[in-house]
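> Provide a 3D model corresponding to the input given below.
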Amino acid sequence: MTLSALIKKGGLTGTMTATPATPATQEADKPVTVAPVATVAVAEQPEPLPELSLDEESNIRAWLAHIDETDSAIIAEVVDKCRNDLEARRYFLKRSEEVPEPVTLNHPNTCGDCSHFERIDHPHLGHCAKGEPEAIAGLWDTDRRYCEHFLPKPQQTHNDQPRPARAETKR
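Residues are numbered from 1 along each chain as shown. Next up is the predicted model:
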């Protein structure tokens with residue numbers, strides 16, 4: 001298809017690339033036709049970018065939430081960039097693999113074993129940092145309940161555990 005035909009059909013409304021013709025010169029003693037010397041200018045339309053799927057967008061948004069990005073303008077800019085730039089999409093999808101899988105347990109958990117349990121001055125009472133429902137006095141550390149926000153406390157190594165106090169003996 002010629003360039004003029006593309007223009008008439010409206011085929012140049014998108015992005016195109018063109019290869020310019022090289023200048024043809026004739027030597028005085030040996031006439032040469034232009035056809036074997038010049039390159040042909042061909043307009044090529046780039047392949048359309050595959051559409052950003054809902055799963056891909058969801059993964060990117062989950063990663064942004066994971067890094068605590070809450071600015072809606074930045075979130076919209078990142079998602080828009082991923083719709084229009086394949087390299088950016090690959091980058092952010094790779095980063096989205098960093099998001100840990102949510103912990104879903106089918107059994108009740110003990111509040112005292114949760115990272116979100118914040119103790120108060122009482123030896124067994126505390127509050128949930130995630131705002132789970134609780135009594136006025138707070139949650140008992142041995143309360144067993146189903147909780148979507150349960151996050152196990154990091155395991156202590158045997159070196160981190162306090163040593164039991166020695167009993168003093170009278171002499």
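> rest of the way, CA atoms for contacts and neighbours
Fine.
> how far away is Ile136 from Gly126?
Ile136 sits 11 Å away from Gly126 when distances are taken as C-alpha to C-alpha, to the nearest Å.
> higher neighbour count, the two?
More neighbours surround Gly126 than the other of Ile136 and Gly126, with 21 against 7 (other C-alpha atoms under 10 Å).
> once you drop chain neighbours, what's closest to that one?
Computed as C-alpha to C-alpha, 6 or more residues apart in numbering, the closest residue to Gly126 that is not its neighbour in sequence is Arg119, at 3.9 Å.
> would you check that that neighbour makes contact with His127?
Yes - using C-alpha atoms under 8 Å, Arg119 is in contact with His127, at 6.5 Å.
> how many other residues sit next to Ser53?
Counted with other C-alpha under 10 Å, the neighbours of Ser53 add up to 10.
> swap that for Cys111, sorry
Summarising burial for Cys111: neighbours were counted as other C-alpha under 10 Å, giving 26.
> and the helix or strand hosting Ile60, what's buried?
Here Ile60 is covered by helix 54-66, with elements defined by DSSP states H and E. Within helix 54-66, the residues scored as buried using 16 or more other C-alpha atoms under 10 Å are 56-57, 59-64.
> what does stretch 56-65 contact?
Applying C-alpha atoms under 8 Å, 6 or more residues apart in numbering, the external contacts of stretch 56-65 come out as 70, 75, 79, 92-93, 95-99.
> a markdown table please, covering the residues you listed and showing distance to Glu148.
A markdown table is the format used below for these (distance: C-alpha to C-alpha, whole Å):
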| residue | distance to Glu148 |
| --- | --- |
| Thr70 | 21 |
| Ile75 | 25 |
| Val79 | 28 |
| Phe92 | 27 |
| Leu93 | 26 |
| Arg95 | 25 |
| Ser96 | 22 |
| Glu97 | 22 |
| Glu98 | 21 |
| Val99 | 17 |
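> among those, which pair sits farthest apart?
Thr70 and Glu97 (19.2 Å; C-alpha to C-alpha).
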